[in-house]
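**Student:** Okay, sequence plus prediction incoming.
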Amino acid sequence: MNVETNIQKPLTAKDFTSDQEVRWCPGCGDYSILKQVQSVLPEIGLKREEIVFISGIGCSSRFPYYMETYGMHSIHGRATAIASGLKATRPELSVWIITGDGDAMSIGGNHFIHLLRRNFNVNVLLFNNEIYGLTKGQYSPTSPAGKITKSSPHGSVDHPFNPLALTLGADGTFIARSMDRDPKHLREILLRANKHQGTSMVEIYQNCNVFNDGAFEIFTEKSSKKNETIFIEQGKPLIFGENNDKGIKLDGFKPVIVDLKSDNVSENDLWIHDENDRGKASILVRFFDNHQATGHLPRPFGIFYQEDRSCYEDDFKMQIEKASMEKENESLDSLLAGRNTWTIN
Amino acid sequence: MNSNIKEEVTILFAGDSGDGIQLTGSQFTNTAALLGNDISTFPNFPAEIRAPQGTLAGVSGFQLHFGSIELFTPGDSCDVLVVMNAAALKANLKQLKKGGTIIANTDGFDSKNLRLANYPDGINPLENESLDNFKVTLIDLTKLTRECLKDSGLGTKDMDRSKNMFILGYIYWLYNRNLDNTIDFLKAKFKKRQDLIDANIKVLQAGFNFGETCESTATIEVKPAKLEKGTYRSIMGNQATALGLIAAAQKSGLTLFYGTYPITPASDILHELSKYKNHGVKTFQAEDEIAAICASIGASFGGSLGVTASSGPGIALKGEAIGLAFMLELPLVIVNVQRGGPSTGLPTKTEQADLMQALYGRNGEASIPVIAASTPTDCFDAVFEATRIAVEHMTPVIFLSDGFIANGAEPWKFPKSSDLKEIKPVFAKEYTSENKEKFLPYKRDEKLSRKWAIPGIKGLEHRIGGIEKEHETGNISYDPDNHEFMVKLRAEKTQKVADYIPLQAIDSGKDKGKVLVLGWGSPYGAIKTAVKSLISEGYEVSHAHLRYLNPFPKNLGEILNNFDKVLIPEINDGQLVILIRSKYLKDAIRLNKIKGLPFTVDEIKSKIIEIYPN
């Protein structure tokens, strides 16, 4: 007897890998993100058929083709809008939006902010490489000012977006940052993002080794990582540095770096991270200094903010259920007839 | 009391866009319809919500044609012109038949109003001989309304707002109508303001009594029309479109998801649909036109009936996403309630100038089915049919309506739900131990359409996208031969719809003759009336009206060849005529009007006579 359909073998990363050849450039940061997503999904415990990946256009947007789930590779900037329609009608599905800095911040900027304010329960993975890769190297809305690219040989004069500040400004309910080069951290963030009820926005620093190699080197390389980054955790003080010897203290609304060895400060004086504090989150997302500036703040990674707010699809569904209960007996025939009719014999 | 019997009457109500003209007109329409008259209406208003008062630019009109005979147009010209001010008279006098009746609010002809209407200094048309060819009734509406409400406790502003009820009451008297329908309407409209209910009813009755007291003229009787037996209601095109979508969703067993962004003249469909959440209708007011269609595509991917609607400018924005839906091969209905273009154009005026946009307004070879409604009630049937094609052929379909039929009303012998055809979606089946066939997302059936594989079903996990795909597997493919093959295959799939639609029929006249008038969309009524009239005069002329603009019915070429000449009237600069000429090499003659207004019957008749072969 063939019993294979009755046995629920636990799924593995391999079960989420499609038969399509992955065609990103060798060395691209996307590989690492793909691998983490494929390995996190079995842990989440969903079936393949319950998951949908939707992407727009750009290098990262090829992602759905590599996932053995339902998927759609759509048009530039619109994955968020497509996912909104899907989630509004199929709230039980697990919907993941794969997008990039050009796709989400530039051409799809409008849909991005409206997705956040509506708070659909979806996960947004924004692969930020600060460059247009698929069109071969123009500056993006997250490229730093002065960036020299093919379309800005004299340096970009655009002021860049800070994606997380934008997310907070649009009333995002889950705001996090991770990086391609820290699989363990990325994994944890993905698990938390999936758990959050509402739009989970995860910015992932991703290295484009062809057109913008080393953009995040300072945050990812061993030699500088400890001093230039700060990994924030709920309830823990903001500590960083080579030997965990530096901390962040709030001086009014101003974050100040303190030396834990020499400044006569104890851990108790430091900023304790609270994911649910919107005021603090608004300061934290602004840790966005140029790393060449003297006295600059480290770049935070982790979950900046989390809030429980009702999801669009739930309110949407509830309204329909309520209306259906109130007028449950109205048939299509009475709808077609309307209120005033007359008869000709 | 004298009473004249008339077969048909056209009344044009005109005034400032803040005078309540549309409400007055639609109230008379509903009452006329309930009494069994055939009706056809034409609301005509400026784009500005409150254009400068008293000016020609601010004139709003509502034309109503009602009768005891079958009517197909709102009337070429009117028998009665009701004007609330001097600008309304000036803008509309040319519409009035010789010997017609003018009912004028004298208060709207003071020196300020005369100046705003650009009458020369010291000239008042009500006081000189300029209106000698017409019957003129003068009523000082403001004075009479205020007099009537002097004890109501209302402020002057509120009192003046109800003066349209005085005129409505007077017209009801003139045409022997009772006030019940409007009284019910007022009670519902102002249900939280008893004072306004009382005031409006009082003024309405005062207007009616004013007619009776003055007996200034004989009342006119328009008997019920001898329409086909059955039960009727009055309906506007946008309402019919909304109901057609709900009916089609129910008949296909799908949830209706309507993603849209407000735009004139399509917004009323959203207003209508959003009332019917109890029928499971999901309306989504998106952040923009692109999000509206994309959300609908997302809903269709999830197994709902995705519908989006707009007017020309919004359809232009949706172009890329329509191409995506075409590549994904998902059902999607795209409603375009056309208006005057290009760009913002004439938002509140009608035009049929988006036919080429519907057929070709996308990048690449992306030919999709296009269906057009011809009358307000036909919106129901046509959008139902558009949905059937979208669902059964797994394709986006464009449904064309326009401002004229969207806002126009007529009696509708509404169908029973049991008489509506079932629509049959073809879903891919779950992978089980019995069904072990490997699922191929782009495997096609005899209609060349693929199966609908809904997320949530085991074994059907698949990826679709806008990139060119390999035949059957749907995997990304840049293979040159595959691309050419797929382009031709998708084109053939759309053309194959012709095997599943009715053959073209002749609407009026014989199968063969001297002139065929070939129409599409809203000129239906004017063409039909013109052709029937000429047939009765002995002309060998026929009328065929296209619902299917892509693909054309298979016998269209044959029909065209049965006539010496083919005339194509369109409210655009000639679009269908180009298609017919290129596809059938037929030397079709064009008749075009691009004034933001529908054809008159006379315009079409004259052209037929002009080209009629001797």
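**Tutor:** Thanks, I have it. Numbers count the residues shown, from 1 in each chain, chains lettered A, B, ... in the order given.

**Student:** Let me see the residues that make contact with the host helix or strand of A:L166.
**Tutor:** In the assignment (DSSP states H and E), A:L166 maps to helix A:163-169. With Cβ atoms under 8 Å, 6 or more residues apart in numbering or on different chains as the contact definition, helix A:163-169 has outside contacts at A:101, A:104-105, A:112-113, A:116, A:126, A:128, A:142, A:175, A:177, A:201, A:203, A:278, A:281-282, A:285-286, A:288, A:304-305. For the C-beta atoms, the positions are set from N, CA and C on the backbone; glycine is no exception.

**Student:** so how far is that helix off the chain centroid?
**Tutor:** The chain centre lies 11 Å from the centre of helix A:163-169; the measure is Cα atoms, centre = their mean, to the nearest Å.

**Student:** same question for it, mean pLDDT?
**Tutor:** Per-region confidence: helix A:163-169 scores 98 on mean pLDDT.

**Student:** Please spell out the ChimeraX selection for the buried subset of the contacts of helix A:163-169.
**Tutor:** Per 16 or more other Cβ atoms under 10 Å in any protein chain shown, the buried members of the contacts of helix A:163-169 correspond to this ChimeraX selection:
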select /A:101,104,105,112,113,116,126,128,142,175,177,201,203,281,285,304,305
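
**Student:** Could you tell me which of the contacts of helix A:163-169 belong to helices?
**Tutor:** A:101, A:112-113, A:116, A:278, A:281-282 (DSSP state H).

**Student:** Please, which helix or strand holds the nearest residue to B:E365 once chain neighbours are set aside?
**Tutor:** Leaving aside its sequence neighbours, B:E365 sits nearest to B:V487 (Cβ to Cβ, 6 or more residues apart in numbering or on different chains; 5.0 Å). For B:V487, the host element (DSSP H and E) is helix B:480-496.

**Student:** Can I get that helix in CSV? Just the C-alpha atoms.
**Tutor:** C-alpha atoms of helix B:480-496 as CSV (Å, rounded to 0.1, in the frame of the first residue of the first chain):
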residue,chain,number,x,y,z
PRO,B,480,13.9,33.1,-29.4
ASP,B,481,11.6,30.4,-30.9
ASN,B,482,9.7,30.0,-27.7
HIS,B,483,9.0,33.8,-27.5
GLU,B,484,7.6,33.9,-31.0
PHE,B,485,5.5,30.8,-30.4
MET,B,486,4.1,32.2,-27.1
VAL,B,487,3.3,35.6,-28.6
LYS,B,488,1.3,33.8,-31.4
LEU,B,489,-0.3,31.4,-28.9
ARG,B,490,-1.6,34.2,-26.7
ALA,B,491,-2.9,36.1,-29.7
GLU,B,492,-4.7,32.9,-30.9
LYS,B,493,-6.1,32.4,-27.4
THR,B,494,-7.8,35.8,-27.6
GLN,B,495,-9.1,35.2,-31.1
LYS,B,496,-10.4,31.8,-30.0
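
**Student:** buried sites along that helix?
**Tutor:** B:486, B:490, B:493-495.

**Student:** How far does it sit from its chain's centre?
**Tutor:** How far helix B:480-496 lies from its chain's middle: 34 Å, per Cα atoms, centre = their mean.

**Student:** and of the ones in helices among the contacts of helix A:163-169, the nearest to B:T156?
**Tutor:** A:I113 (46.4 Å; Cβ to Cβ).

**Student:** OK, contacts around that closest one?
**Tutor:** Each residue near A:I113 by Cβ under 8 Å, 6+ apart is listed here: A:166, A:169-170.

**Student:** buried subset of the residues you listed?
**Tutor:** Among the contacts of A:I113, those scoring as buried are A:166, A:170 (criterion: 16+ other Cβ under 10 Å).

**Student:** and the residue of the stretch 151-300 of chain A nearest chain B?
**Tutor:** Nearest residue of the stretch 151-300 of chain A to chain B, counting by Cβ to the nearest Cβ: A:A170, 11.4 Å away.

**Student:** Tell me if I'm right that that residue and A:L116 touch.
**Tutor:** Yes. Look at A:A170 against A:L116 with Cβ atoms under 8 Å: they come within range, at 4.0 Å.

**Student:** So for stretch B:536-549, what gets flagged as buried?
**Tutor:** Buried residues in stretch B:536-549, counted by 16+ other Cβ under 10 Å: B:539-549.

**Student:** Keep only those of those residues that are in helices.
**Tutor:** Checked against DSSP H, these include nothing in helices.

**Student:** Take those residues and lay them out in JSON lines including pLDDT and distance to chain A.
**Tutor:** What follows is those, written out as JSON lines (pLDDT from 0 to 100; distance: Cβ to the nearest Cβ, whole Å):
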{"residue": "B:Y539", "pLDDT": "98", "distance to chain A": "31"}
{"residue": "B:E540", "pLDDT": "98", "distance to chain A": "33"}
{"residue": "B:V541", "pLDDT": "98", "distance to chain A": "30"}
{"residue": "B:S542", "pLDDT": "98", "distance to chain A": "28"}
{"residue": "B:H543", "pLDDT": "98", "distance to chain A": "25"}
{"residue": "B:A544", "pLDDT": "98", "distance to chain A": "28"}
{"residue": "B:H545", "pLDDT": "98", "distance to chain A": "24"}
{"residue": "B:L546", "pLDDT": "98", "distance to chain A": "26"}
{"residue": "B:R547", "pLDDT": "98", "distance to chain A": "20"}
{"residue": "B:Y548", "pLDDT": "98", "distance to chain A": "24"}
{"residue": "B:L549", "pLDDT": "98", "distance to chain A": "26"}
